Structures are given as structure tokens and as C-alpha cells.
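Enquirer: Show me the folded form of this:
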Amino acid sequence: MEFIVNATSSGTAARAGIITTDHGQIETPIFMPVGTVGAVKAVHMSELRDDIKAQIILGNTYHLYLRPGMDIIRRAGGLHRFNSWSGPILTDSGGFQVFSLAEQRKLSDEGVTFRSHIDGSKHLFTPERVVDIQRVIGSDIMMALDECTPGTADRSYARRSLTLTEQWLRRGWRHFNETQPLYSHSQAFFPIVQGCVYKDLRQESARMVSELGAQGNAIGGLAVGEPTEVMYDMIEVVNDILPQDRPRYLMGVGKPENILEAIDRGVDMMDCVMPTRNGRNAMLFTRHGIMNLRNRKWADDFSPLQEDGPSVVDHVYSKAYLRHLFIAQELLAMQIASIHNLAFYLWLVKEARRHIIEGDFPTWKAQMVIDVQRRL
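Expert: Below you'll find the model as predicted:
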């Protein structure tokens, strides 16, 4: 994997770059649709590629490991062949899902033992095994096993958690370098910076991660309960240390305004379930603000979803029609709204990239942050 910075923004840490993988190039800053179990909910792969213009999607180690299981994915030839997505794929290590979904989990120096949220079966994730699982999945970018500390954790817990995460990282990094891809493409390994909301812990973690010299780095443990301004402060603290010549991935963030603020602070990659999850619940994000399509005000509004929208669904369907589909509990409603929201998110980061290159990102971003939060 290679990363080149093409342009930077005066007065901010924003930058525009290109990540090159064996499955294609990714123009940054980029938003990555979440395909947890190998599919982005309610969206066809052709729609991701042609209408939404996604450049990379996510899969999740925890979910894919449990179902359909590694035997099926390996026999299929990896996730790319299994789900028919030909572009780059990033996989989360599953650490967050273990701590948020699994029952009766137990942490130790060895790893984390947990019971499946599906059938209660017992499993062990070690740093090494998580690398092996992601080798089988065949993702272009794999993540290190870490503990995602809650944003409200006290300092003593955050200290213990970071120590464990650092121990796991050293083992996972060593195992990654001792193993080879199983398929005909290369894989990159991203360490994850943790440390909760404590500046010195974040700095320690960022320095340790930087010293590894990995092809990219991630920032985890944010947007998990801490105040938004604290999240922004932690991004700045970390990005002051992480190397400039490697992509930075902010995990699980977030709202459109969060994405813009993260880009302003030097983040290159982001993901979140919000555009699809909120879309399935009738919330549409637009460049002019947020719409709740269940509201009565849209019942006889026959204008397009967004006249200047980037997606074909924005021009084909009216607000009144989409509201009708939601009220009638028609499955098509969730598909249309998911496509719209993802297309908007991809448009937003593409516009950010364009304004970084053209040199007016700070002015554009300041107005856009206001616009995208407006309730319509």
C-alpha cells in the first residue's frame, strides 16, 4: 500500500491524498461505507460502485468469523470473491464488537475470551489469531486487536486498558510481519491509537504506534460517550504525533459535521453506520440540512429528495413518495434512503478534497458545518 499527499490546506491540517492498494486507488479524505457482515445494509454492490461512488468498504472480523465462518470465506477465495466487491476492503479487528456485543467476555494478557451473541458459543481472540482471521478474509487493510475504552472511563481503567492494548499491538505487529497473505494481493496492517480522553495517554499511544512504522494508523476509542469537543481535542493531540506521510483513519465517526471537523484536523479516512442506520429510520442527510421523512410536512411535498443531490435517487423520487414508503413500512424506503445518505457522505468528502486542492477549504468548511446541522 502506498500513500501520497497531493495538497494541504493553509490554516488547517486538512490534506488531500491518494492511497494505492492492489484493488485500486482511494482518493482522500474518504468516507467508507460499513459492510459489517460483507454487505452494506439495503444496498447492492452495483449501487455502491456506480451510484454512491464508494471507493472502499468495510467488513468486520468478529461478525464474519462467527458467520459465515472462516472455512466458507477461505473456500470462496476471500471476501472480495465471496461478496463480489472488486475494490479495496478494510476490516475492523472485531475488538469493539467483542466489548459491545459479546456476553461474558474476559480480558487477559493472552487475549479476550467471549461468548458469541448469536449462539453463546465460546471463543478466544488473541492478537495473533485476529491477524490470521484477517488473512483469511483477505482485506486490503487489517486492524490490530485493541480494547475500545469507554469515553467515560476513569484514568486508572484507561491506563490498564492502554497497557494491554500496547502489549497486544506488539504481538499482532510481530505476527503480521511473520505471516504472508493467502491470496494474490498485499495487505496492510494499521495499529490503533487508544488512551481514552487523557492527553498524556493518547500521546504515549501515538508515539508507540508511530515507532512501528506501519503503512497507516488508526485513531480508536472516540465518539464513545465523550463530549464532542473532547473528541476534537484528542484528534489534534494524536495527529500532532502520527507521521505525516501515512494515512490516518478515525474509527466510527460520525455525523457530517464531525467528518468535516476531523478532516480539518488531518484525518484521511472515516467510517460510520450512521448514514445507513439513520437512513433506515427515515432520517436523510443533505447539504442543506437534516430531514425526518416521517414528519407530516413532507406528505404532500412532491419536490425531489434533493434537487442538487449527487445520487440518481435524489432526482427520481419525491419527498412525499419516500415518506409514503416509510409510513407503509415498504422495504424500498430503506434502500432509497440508504443510497441517498451514502451518496451524500461520499459527495461531502469529495467536495472537501476539491476545496483543499483549490485552497479555500477553511471558508467552505465553516459554512458547510452550519448547513449540514440545520433541521429542515
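
Enquirer: Every contact and neighbour count from this point should use C-alpha atoms.
Expert: Noted.

Enquirer: Considering only helices and strands, which part of the chain has the lowest mean pLDDT?
Expert: Least confident helix or strand, the chain: helix 95-100 with a mean of 78, by mean pLDDT, DSSP states H and E.

Enquirer: neighbouring contacts of stretch 166-174?
Expert: Residues outside stretch 166-174 that contact it (C-alpha atoms under 8 Å, 6 or more residues apart in numbering) are 109, 111, 126-128, 130-131, 144-146, 189, 191, 205.

Enquirer: Just the buried subset of these, please.
Expert: G111, T126, P127, E128, V130, V131, A144, L145, D146, F189, P191, S205 (16 or more other C-alpha atoms under 10 Å).

Enquirer: Can you show me the helices along the stretch 151-300 of the chain?
Expert: For the stretch 151-300 of the chain, applying DSSP state H, counting those that start in this stretch gives helices covering 155-178, 199-212, 228-239, 256-264, 274-280.

Enquirer: Please list all residues in contact with the residue nearest to N239 when sequence neighbours are not counted.
Expert: Nearest non-adjacent residue to N239, counting by C-alpha to C-alpha, 6 or more residues apart in numbering: G266, 6.7 Å away. Taking C-alpha under 8 Å, 6+ apart, we find G266 in contact with T12, A13, A14, R15, N239, R248.

Enquirer: any chance of the helices of the stretch 151-300 of the chain in CSV, with distance to L293 too?
Expert: Compiled in CSV, these are given as follows (distance: least, C-alpha to C-alpha, whole Å):
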stretch, distance to L293
helix 155-178, 41
helix 199-212, 40
helix 228-239, 26
helix 256-264, 18
helix 274-280, 10
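
Enquirer: residue contacts, the closest residue to L107 other than its chain neighbours?
Expert: Closest residue to L107 apart from its sequence neighbours, by C-alpha to C-alpha, 6+ apart: T113 at 6.5 Å. Going by C-alpha under 8 Å, 6+ apart, T113 touches R105, K106, L107, K122, H123, L124, F125.

Enquirer: circling back to that earlier point, which one of the helices of the stretch 151-300 of the chain lies closest to P33?
Expert: When the helices of the stretch 151-300 of the chain are compared by C-alpha to C-alpha, helix 274-280 sits nearest P33, at 8.4 Å.

Enquirer: if we can go back for a sec, I'd like to know which of the contacts of G266 are part of strands.
Expert: Of the contacts of G266, the ones assigned to strands by DSSP state E are R15, R248.

Enquirer: could I get the contacts of G266 as TSV with neighbour count?
Expert: As requested, the contacts of G266 are exported to TSV (neighbours: other C-alpha atoms under 10 Å):
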residue	neighbour count
T12	14
A13	16
A14	24
R15	25
N239	18
R248	24
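
Enquirer: wait, what's in contact with E261?
Expert: Y232.

Enquirer: So which residue of the protein lies furthest out from the middle?
Expert: D300 (36.0 Å; C-alpha atoms, centre = their mean).

Enquirer: And D308, how far from A223?
Expert: Relative to A223, D308 is positioned 30 Å away (C-alpha to C-alpha, to the nearest Å).

Enquirer: Neighbour count: those two, which is higher?
Expert: Legend: neighbour count by other C-alpha atoms under 10 Å for D308 and A223, higher for A223 (19 against 11).

Enquirer: Quick check, that one in contact with L250.
Expert: No: applying C-alpha atoms under 8 Å as the test, A223 and L250 come out as separate, 9.9 Å apart.

Enquirer: Start and end of stretch 221-233, how far apart?
Expert: First-to-last residue span, stretch 221-233, C-alpha to C-alpha: 13 Å.

Enquirer: quick one: contacts of that stretch?
Expert: So stretch 221-233 is in contact with 148-152, 194-197, 251-254, 261-262, 265, going by C-alpha under 8 Å, 6+ apart.

Enquirer: Only the buried residues of that stretch, if you could.
Expert: So stretch 221-233, judged by 16+ other C-alpha under 10 Å, has buried residues G221, L222, A223, V224, E226, M231, Y232.

Enquirer: Take the buried ones among the contacts of stretch 166-174 and write them to JSON lines, including secondary structure.
Expert: Below are the buried ones among the contacts of stretch 166-174 laid out as JSON lines (DSSP: H, G, I helix; E, B strand; the rest coil):
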{"residue": "G111", "secondary structure": "coil"}
{"residue": "T126", "secondary structure": "coil"}
{"residue": "P127", "secondary structure": "helix"}
{"residue": "E128", "secondary structure": "helix"}
{"residue": "V130", "secondary structure": "helix"}
{"residue": "V131", "secondary structure": "helix"}
{"residue": "A144", "secondary structure": "coil"}
{"residue": "L145", "secondary structure": "coil"}
{"residue": "D146", "secondary structure": "coil"}
{"residue": "F189", "secondary structure": "strand"}
{"residue": "P191", "secondary structure": "coil"}
{"residue": "S205", "secondary structure": "helix"}
